[in-house]
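Novice: coords please:
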Amino acid sequence: MARPSRRTFLKLPPLGLSLFSLASTGKLRAAEPVPRRRSDPPVIHSSWDDLLDGVTSLTDWSARRAVLKTRYLELLRDDRKPEKPALNVEVHETTEVEGQYRRLSVSYSVEADERAHAYVGIPLHLDGKVPAIVALHGTHKDGMRMTAGLVDNPDNAYLDHLCRRGFVVIAPEHFVSGQRIPPEGSYETGRFYKKHPEWNAVGKFTYEHAIAIDVLETLPEVDTTKIGAMGHSLGGHGTFFLAAYDERVKAAASNCSASFFRHNKGVEHWARDHWYVYFKQIRAGLLAGDLPPIDFHEIIALIAPRAFLDVSALNDGDPLTQRQRVLMLMKIADVYQLAGKPENFSFYVHGRGHSVPHESRALMYAFLEAHLKPASATRTHPVKG
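Specialist: The predicted structure is shown next:
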């Protein structure tokens, strides 16, 4: 008759204590309890502390901010941008969408010999002027159409979602996508750099996104004091680049917006030698191990005290790099605290990878509503009866 198996029960140590340890023999044995003592919370130090190094007052921050803004504009090569032409907005098509909003296909001048394209959504049932959003798409060859919900994943149909929430929305087409794809293919920047060898792609798209705000300001339905921006991936970092560049952006929400310069094993991707080249002029420095004199924490801090939300995933790229993002965001929060507007800064970190899941979209839309719409639009009410 088979002998019944023996079960061994371990006597567990108190909660919070180490359960096992390895003896010198390599065998697992019960560990000696290690008592825990009460203590004050330790100060968290990180490499991102240079953002406020030596800054103890708003006056100090104002001086630091001026230096950072100059460095940022130099990174964009903003002094190499062309003279802005008259807008000359043209409406090419108007469509009513499910009785909710009008969608306009428009174009407008961004350079003397170049026009940009965008969809503009205007809710049909408005009571006065309303806030407006610049909605920026990711790296998709038909990004403008995707943002309108006409192709690909409807999770990315920001224009449709936001118009249904009562915002006027402009969804500009990235300058190497959609109707502006160069002969070499979508997101090829070679022709751009031949035309503008001293400028760069980030300077170009940031400049064009600021012109999209100019278009919004021509619309009688728009409250021009309540302009926001949001986007995912390429549109995510485009969002904070724009908000740092143009103070007309009063609230911005950025989703999965790429890794910064420091602590980034793939930092050279910010200055590739082919395809989409963000910052061509910093390539030699990156290959030599030298980073630009400004990084993302300093660029995002330029948005303060205006509202900013960062949404990111710990598993969107190198895990250690993405964990650095949390430390970076904590330091940016200190800037908002110093500015007296801690409520204007938020971040949300998840494990859903490079995506725009339901909870991220809901948070971004709610954040924009909370900071751009009147308090009555988001206020709760007691239940009667």
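Novice: Going by C-alpha atoms from here, please, whenever you check contacts or count neighbours.
Specialist: Fine.
Novice: shouldn't Y336 be in contact with P305?
Specialist: Yes. Assessed by Cα atoms under 8 Å, Y336 is found in contact with P305 at 5.9 Å.
Novice: Now do the shared contacts for these two.
Specialist: N344 (Cα atoms under 8 Å, 6 or more residues apart in numbering).
Novice: Report the contact partners of S346.
Specialist: 308-310, 333.
Novice: rerun at 7 Å
Specialist: Going by Cα atoms under 7 Å, 6 or more residues apart in numbering, S346 touches 308-310.
Novice: and the gap between it and E184?
Specialist: Distance check for S346 against E184: by Cα to Cα, to the nearest Å, it reads 40 Å.
Novice: now swap in A63 and tell me
Specialist: 44 Å.
Novice: For the chain, which segments count as helices?
Specialist: 58-76, 143-147, 158-164, 190-195, 201-217, 234-245, 283-287, 296-301, 319-338, 358-372 (DSSP state H).
Novice: among those, which is nearest R37?
Specialist: Closest to R37 of the helices of the chain is helix 319-338 (Cα to Cα; 25.9 Å).
Novice: so what does that closest one touch, helix or strand wise?
Specialist: helix 296-301 (3 or more Cα pairs under 7 Å, 6 or more residues apart in numbering; DSSP states H and E).
Novice: I'd like the average pLDDT over the helix it packs on.
Specialist: For helix 296-301, mean pLDDT rounds to 98.
Novice: all numbers from here: first residue = 6
Specialist: Will do, 6 is the new start, and the previous item becomes helix 301-306.
Novice: what's in contact with that helix?
Specialist: 56, 73, 77, 245, 249, 265, 333, 337, 340.
Novice: Next up, the contacts around D55.
Specialist: D55 neighbours (Cα under 7 Å, 6+ apart): none.
Novice: got the residue ranges for the strands in this structure?
Specialist: Per DSSP state E, the chain carries strands over the ranges 25-27, 33-35, 95-102, 106-116, 119-128, 135-141, 173-177, 227-237, 254-260, 312-318, 350-355.
Novice: Can you redo the ones you listed as CSV, where the extra columns are mean pLDDT?
Specialist: Output for the strands of the chain, formatted as CSV (pLDDT from 0 to 100):
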stretch, mean pLDDT
strand 25-27, 49
strand 33-35, 66
strand 95-102, 98
strand 106-116, 98
strand 119-128, 98
strand 135-141, 98
strand 173-177, 98
strand 227-237, 98
strand 254-260, 98
strand 312-318, 98
strand 350-355, 98
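Novice: Could you name the stretch from these that's closest to K270?
Specialist: The nearest among the strands of the chain, by Cα to Cα, is strand 312-318 at 17.2 Å.
Novice: Now do the closest one against strand 254-260, angle only.
Specialist: Relative orientation of strand 312-318 versus strand 254-260 (axes from the mean of the first three to the mean of the last three Cα atoms, to 10 degrees): 10 degrees.
Novice: So what are the sheet partners of strand 312-318 and their directions?
Specialist: strand 254-260 (parallel), strand 350-355 (parallel) (DSSP bridges).
Novice: Including distance to R366, could the strands of the chain go into TSV?
Specialist: Output for the strands of the chain, formatted as TSV (distance: least, Cα to Cα, whole Å):
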stretch	distance to R366
strand 25-27	43
strand 33-35	47
strand 95-102	21
strand 106-116	20
strand 119-128	18
strand 135-141	12
strand 173-177	16
strand 227-237	10
strand 254-260	9
strand 312-318	10
strand 350-355	11
